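>>> Got a predicted structure plus its sequence, pasted below:
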Amino acid sequence: MAKLSDAFIALPGGKGTCEGIFEVWTGAQLGTHAKPCAVLNVHDFYDKLLGFLDQVVDKAFLKLVHRGMLLASPNPRALLDLIAGYKCLPKPSGSPTMNVDTVWPRVGCGAAITKDDRLLLVQRRRDPEAGCWGLPGGKVDPFEPVVDSAAREIYEELGIVIRPSELLCLVDQIDRTQGHHWIAPVFLVTYYEGTPAIMEPDALSDLGWFEVGALPADLTEATKQAVAAMKR
């Protein structure tokens, strides 16, 4: 059954369920397979287990990079998105062969687009941080210069042309509970061509211009770090 599977997802269950997901998660760490391992955290069922794993990391019995290999979300759609974006680690020396894409942490990019002392934000539909307002941006593709990635992502999301040149800050975002670690340069953009519009309605639900002193309460972590950099 394991050989035929594309991924492993643990639903709420008992010791057998925990034993099964821990076995395949350990197998992913050892390099015996390259498939995503995840828990569907329905009604916070696995909160204490995930908290325990974070404590194991804090006590140096588990590496953070290996903790990040166990995906988790309370939302089935969000969990499938995490699984679709999963990238396996390089296999340890002496372990069986497996396909390798990249290594955590993942690299993203963003743009703080300003006009008349207002900041352009978008509201995201997908995890991580679904429902929060944040800077437009996305991920850096392999062998793509970061400035080109930022310009491409902004055009794909909002249909406007930017020319990133001024680096505002470097976001270092770690979420052990959800198994995320992103590093993202954020560019300050004061000029663009076109009119911002939602070009990816499956990913974004809204956009708006906000005064820096009156931003929405629910901000993404990356946006909080970028706004703090703007205020320095």
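Right, received. Where do you want to start? Since the structure is predicted, the reported quantities are computational estimates derived from the model, not experimental observations.

>>> do you know how far the residue nearest to Lys115 when sequence neighbours are not counted is from Pro216?
Closest residue to Lys115 apart from its sequence neighbours, by CB to CB, 6 or more residues apart in numbering: Trp209 at 6.7 Å. Quick note: C-beta positions are derived from backbone N, CA and C, even for glycine. Trp209 sits 12 Å away from Pro216, going by CB to CB, to the nearest Å.

>>> so what sits against both of the two?
Leu121 (CB atoms under 8 Å, 6 or more residues apart in numbering).

>>> Going by neighbour count, which residues of the helix or strand bottoming out on mean pLDDT in the chain are buried?
One helix or strand of the chain scores below all others by mean pLDDT, DSSP states H and E: helix 64-67, with a mean of 86. By neighbour count on 16 or more other CB atoms under 10 Å, the buried set for helix 64-67 is 66-67.

>>> could you point out which element follows that helix?
strand 70-73 (DSSP states H and E).

>>> Check which helices and strands the helix or strand just after that next one sits against.
As assigned by DSSP H and E, the chain's next helix or strand after strand 70-73 is helix 76-84. Here helix 76-84 touches strand 37-40, strand 70-73, going by 3 or more CB pairs under 8 Å, 6 or more residues apart in numbering; DSSP states H and E.

>>> and Val24, which of these is closest to it?
Val24 lies closest to strand 37-40 among the helices and strands packed on helix 76-84, at 5.2 Å (CB to CB).

>>> Neighbouring strands - and their directions - for that closest one?
Its sheet considered, strand 37-40 pairs with strand 8-10 (parallel), strand 70-73 (parallel) by DSSP bridges.

>>> what mean pLDDT does the longest helix along the chain have?
Across the chain, the longest stretch assigned as helix under DSSP state H is helix 15-30. The average pLDDT for helix 15-30 rounds to 90.
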